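Asker: build the 3D model from these lines:
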Amino acid sequence: MVAFAAALLSLAIVTQDKAALRAAPGAAAAVHAQLWQGELLEVRGSRLDHLQVYDHRRERAGFVRATQVRELALTEAEAPQLKAVMRFLRDTPGSEALGIAYVAAYLKAAPAGSIDAEPFDALGVMAQRLAQRAAAVQSAAVAAHIEVVAQYGVKYDSHELRDRVQLCYDGEAFRRVLAMGPAQASPQQRARATLALTRHDCIDASMRPTERRALDRWRAQLLDGLEPAALARLDAATSNRLHLRRAGVWAAIAFDQSRHDEPTQAAAQRALDELAAVDKSELTEDDLPDYSEAAIRVGATRWAAVPSAAQGGRLQLRLRPGEPGQTCVQLIDTQAKAAAPLAQRCTYATVWAASAKASPDGRALTVAVQPIEGWSELWLWHRQGADWGVDVLPPTSAGAGLGYAEFAGWVQGGSRRLLLVREARTQERWVRRFEQVSTESLVAEKSAGSAQGVAGFGQWADVAWRSGTLSLR
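Answerer: Numbers count the residues shown, from 1 in each chain. Okay, the predicted model is just below:
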């Protein structure tokens, strides 16, 4: 994965960005190439204050100022110094390419029997941070650093998301950490590797359903791989991150099971339990977005933990198979003489029948419908004159992504209004809104960022919603 060519007698690592590879040893000499930190050069001699070098990546010879590189002997005696620099650069943002070069140098110099998980952990951390820099800042320097680390075997995958391209480290170093096991890798290192290999945002959206199904089960197995003794030694922040990741993975498994007509209760309950196990007092500022993301993923699928029961009341839903893969939802009036449904709508999404809630006056009914993982909509069946229609209330109008919209109660007293909660990620922002919505116009007449900000939630909030929702966390 990471190695220096054995044929090279003397090596140097570029330590500064934009170092000039010149035709002669002087500031006035022509520039052959611009070098970046972490680049590897073969040293062939010295002249004045410059080293005569050969750049194998570019296949160019030239001179570089000696103060802009670090010569290496790659002997066993040099290994401790290389390791010390590696440790320093591991946690130095902006120096990932240079740090990865030092990891490679250390692996070459250190005796094989002395190498544990630390260099691979450091390599993975820096490779992942470099990908995050590439996503946050598009610059020539970051692009050059990506090319530099490629010569050390560091590979990246790119995935197209809705509004951007996500660059992800392929995780080879983290896989090596996990392959070493408890004897050579600490619980913290193994947990860090597990979290890196199970990220939600590095899943290829074009993956086939069977491949995604296998991947989610592999992720769940990996997350459960740490022994209880190792888990007990983790700090609170890392333990929280594992709970959050498990919650998201098990929510995905529950949704997948619903698509295959398999029981969903166990997986969905596991997702709820993992989210509940998070110690919110130990969440760092960096972890708060991950907590919101996990809550949305679980919130979109929370009805999977509720077994379907016989419906009561006048208005009820009846599910019937439609075309292959389709579910047809029929709204029926149990007191009507005619057997025909009041209305029908077919969908390829999962219909969470246990979520159905009819209004006390029998003029409206809501049900949660989940078309994709992490996204749940609210269908509102309501009477429009003599006819019945259905409208979809999405988590946000920005398009499907991560979010849920859920029923929170009926406003009684003759007014046709319902209480609604929407939570979603919008342009990397997490938005949660509590609304009082007219069932006729679908307009939010009152809206606030908390339930206390909408008076109707204090009087008319559904008791079952209060006990089961994640929006009040």
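Asker: domain parsing for this structure?
Answerer: If you go by automatic domain parsing, the domain ranges for the chain are 11-72, 198-307, 350-468.
Asker: which one of those domains lies closest to residue 131?
Answerer: Taking C-beta to C-beta, domain 198-307 is the member of these nearest to residue 131, at 9.0 Å. All C-beta spots, glycine's among them, are computed from the backbone N, C-alpha and C.
Asker: endpoints of the closest one, how far apart?
Answerer: 29 Å (C-alpha to C-alpha, to the nearest Å).
Asker: go on, stretch 180-187?
Answerer: Counting by C-alpha to C-alpha: the opening and closing residues of stretch 180-187 are 12 Å apart.
Asker: which parts of it are buried?
Answerer: Neighbour-count burial for stretch 180-187 flags 180, 185-187 (criterion: 16 or more other C-beta atoms under 10 Å).
Asker: now swap in stretch 376-393 and tell me
Answerer: Under 16+ other C-beta under 10 Å, the buried positions of stretch 376-393 are 376-383, 388, 390, 393.
Asker: now do the particular helix or strand that has residue 98 in it: distance to the chain's middle.
Answerer: For residue 98, the host element (DSSP states H and E) is helix 96-109. When distances are taken as C-alpha atoms, centre = their mean, to the nearest Å, helix 96-109 is centred 28 Å away from the chain's centroid.
Asker: ok, back up a step: just flag the most distant two among the buried residues of stretch 180-187.
Answerer: For these, the maximum inter-member distance is 12.4 Å, found between 180 and 187 (C-beta to C-beta).
Asker: export the buried residues of stretch 376-393 to JSON lines and tack on distance to residue 215 and pLDDT?
Answerer: As requested, the buried residues of stretch 376-393 are exported to JSON lines (distance: C-beta to C-beta, whole Å; pLDDT from 0 to 100):
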{"residue": "376", "distance to residue 215": "22", "pLDDT": "97"}
{"residue": "377", "distance to residue 215": "25", "pLDDT": "97"}
{"residue": "378", "distance to residue 215": "29", "pLDDT": "98"}
{"residue": "379", "distance to residue 215": "30", "pLDDT": "97"}
{"residue": "380", "distance to residue 215": "35", "pLDDT": "97"}
{"residue": "381", "distance to residue 215": "36", "pLDDT": "95"}
{"residue": "382", "distance to residue 215": "40", "pLDDT": "93"}
{"residue": "383", "distance to residue 215": "44", "pLDDT": "88"}
{"residue": "388", "distance to residue 215": "41", "pLDDT": "91"}
{"residue": "390", "distance to residue 215": "34", "pLDDT": "95"}
{"residue": "393", "distance to residue 215": "31", "pLDDT": "97"}
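Asker: mind listing what residue 453 touches?
Answerer: Residues in contact with residue 453 (C-beta atoms under 8 Å, 6 or more residues apart in numbering) are 434, 447.
Asker: need the max-distance pair from the buried residues of stretch 376-393.
Answerer: 376 and 383, at 24.2 Å, using C-beta to C-beta across these.
Asker: pass me the low-pLDDT residue ranges in the protein, would you?
Answerer: Low-confidence segments of the chain, defined by pLDDT under 70: 1-9, 161-163, 414.
Asker: any chance you could map the helices in the stretch 101-250 of the chain?
Answerer: For the stretch 101-250 of the chain, the helices defined by DSSP state H, counting those that start in this stretch cover 118-136, 140-150, 172-180, 187-197, 209-223, 228-232, 236-259.
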